[in-house]
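>>> quick one, structure for this:
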Amino acid sequence: FMAEIIADGQVEFNNSQRVFIKEADADGSDDTGSVFSKSGKGKTSNGNTSKRETTSSPMQKIRLEFSSTSGPETRHELLLGFSAFTTDGYDYGYDAKKATTSNNALSLDLEGEHMNIQAYAPISTDKVVPLNFSSSGDNGFEIRISDLENIDETQAIYLRDNETGTYFDLTQDTAYGFSSGQGIFNERFEIVFQSEQESLSTAESIVTENFIYYQNTSNTLFVKKLNSDVSKLSLVNMRGQIVLEHADVSKESLENGLQFSNISTGAYVVWMKTDTNEVLTKKVIVN
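You can find the predicted model right below:
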C-alpha cells in the first residue's frame with residue numbers, strides 16, 4: 001500500500017475496510033473487484049454489476065507495455081481508464097503517480113506529473129493522451145498494447161510519434177519499435193484515437209488558415225491567424241530533443257514574431273499546443 005499524506009493527522013487501517021472477494025468472481029466492478037484489476041480482453045460481467053455501472057458505461061481500459069530491445073533491461077506497464085464517472089484531471093481512487101524514477105521510462109503525463117495509472121473522461125476522436133519518455137543513451141524500445149477491456153474492436157487507438165510524424169496502429173497486436181538517444185522527450189509520444197488521415201481532415205480548416213514560417217534574417221518565428229493563444233511552444237531538433245520552450249504565448253506575440261536566440265544551424269520542428277487543445281507542427285530550417 002502507498003499513502004500520500006497532505007496534512008497532519010492519524011491514518012488508520014482496520015478490519016472493517018477489508019472486503020473478501022474470490023479472484024474468480026472479480027469482474028472489475030465496484031462490488032466484485034478492483035476497478036483496475038487485470039483481466040482478459042473482452043471479459044464480460046458475471047451479472048453482479050455495481051450501482052455505478054448500471055447508471056453509466058463500464059470503465060474502458062487500455063494497458064500499455066513499454067520495454068527495451070537494446071540497452072539497459074527495462075519493462076513496465078501503464079494503465080489508462082476511460083469512463084463517464086472520471087475526468088481528464090486528477091481522480092482520487094483511480095489515478096496513481098509513478099513511485100520510482102528511471103532513466104529509461106514511459107509514463108502518463110498529468111500536468112507535469114508522471115503517472116502509472118490514470119483515468120480519463122470517455123474516449124473521443126479528438127482526445128489526446130500525452131506520454132512522458134526518457135532514455136539513458138542510444139537505446140532501442142518497444143511500445144505495445146498488452147490488454148484491452150470493454151473496448152470495441154472497431155475503436156481506433158494510435159501511438160503518435162511527433163518526432164517522425166508516424167501514426168502507429170496499436171490495435172494490430174504488434175509493437176512500435178524505435179530508437180532514442182539520451183535525453184528527456186516529453187512531447188514525442190501521444191495516444192490518439194483517430195488516424196493521421198482522419199486527424200488531418202478534421203484539422204484541415206484549422207491548418208489551412210494558419211500560416212507558419214521562420215525568418216532567418218531576424219531569427220524570428222511568425223504564426224498568423226491562430227484561433228487562440230498557445231499554452232506551450234517547443235522547438236525540437238531532429239534527435240527529438242527540446243532545445244527551446246515557451247509557455248503561455250499569446251497569438252498576438254506570434255503574429256508579431258517570436259525571436260529565437262542562440263539556435264544552431266539545422267532542421268527543427270516547431271510544436272505548438274493551443275488553449276483549445278489543437279496541436280500544430282511545422283518543420284523549419286535555421287541557417
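
>>> worst mean pLDDT across the helices and strands of this structure, which element?
Ranking every helix and strand in the chain by mean pLDDT, DSSP states H and E puts helix 51-55 at the bottom, with a mean of 39.

>>> next structured bit after that helix?
Counting by DSSP states H and E, the next helix or strand C-terminal to helix 51-55 is strand 60-70.

>>> tell me the mean pLDDT for that next one?
Strand 60-70 shows a mean pLDDT of 96.

>>> sort out which residues of that strand are buried, please.
For strand 60-70, burial by neighbour count (16 or more other Cβ atoms under 10 Å) applies to 60-68. (Each C-beta comes from the backbone N, C-alpha and C, glycine too.)

>>> so where's the chain shaky on pLDDT?
1-2, 23-57, 196-210 (pLDDT under 70).

>>> residue ranges of the helices in it, please?
Assigned by DSSP state H, the helices in the chain fall at 51-55, 196-209, 251-256.

>>> other SSEs contacting the last one?
Helix 251-256 makes packing contacts with strand 220-224 when contacts are defined by 3 or more Cβ pairs under 8 Å, 6 or more residues apart in numbering; DSSP states H and E.

>>> partner strands of the strand it packs on, with direction?
Sheet pairing of strand 220-224 (DSSP bridges) gives strand 211-215 (antiparallel), strand 258-259 (antiparallel).

>>> would TSV of those with distance to residue 101 and mean neighbour count be doable?
Formatted as TSV, the strands paired with strand 220-224 follow (distance: least, Cβ to Cβ, whole Å; neighbours: other Cβ atoms under 10 Å):
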stretch	distance to residue 101	mean neighbour count
strand 211-215	36	15
strand 258-259	33	15
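
>>> mind putting those strands in CSV, distance to residue 171 included?
What follows is the strands paired with strand 220-224, written out as CSV (distance: least, Cβ to Cβ, whole Å):
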stretch, distance to residue 171
strand 211-215, 32
strand 258-259, 39
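
>>> may I see the buried residues of stretch 183-200?
183, 185-194, 199.
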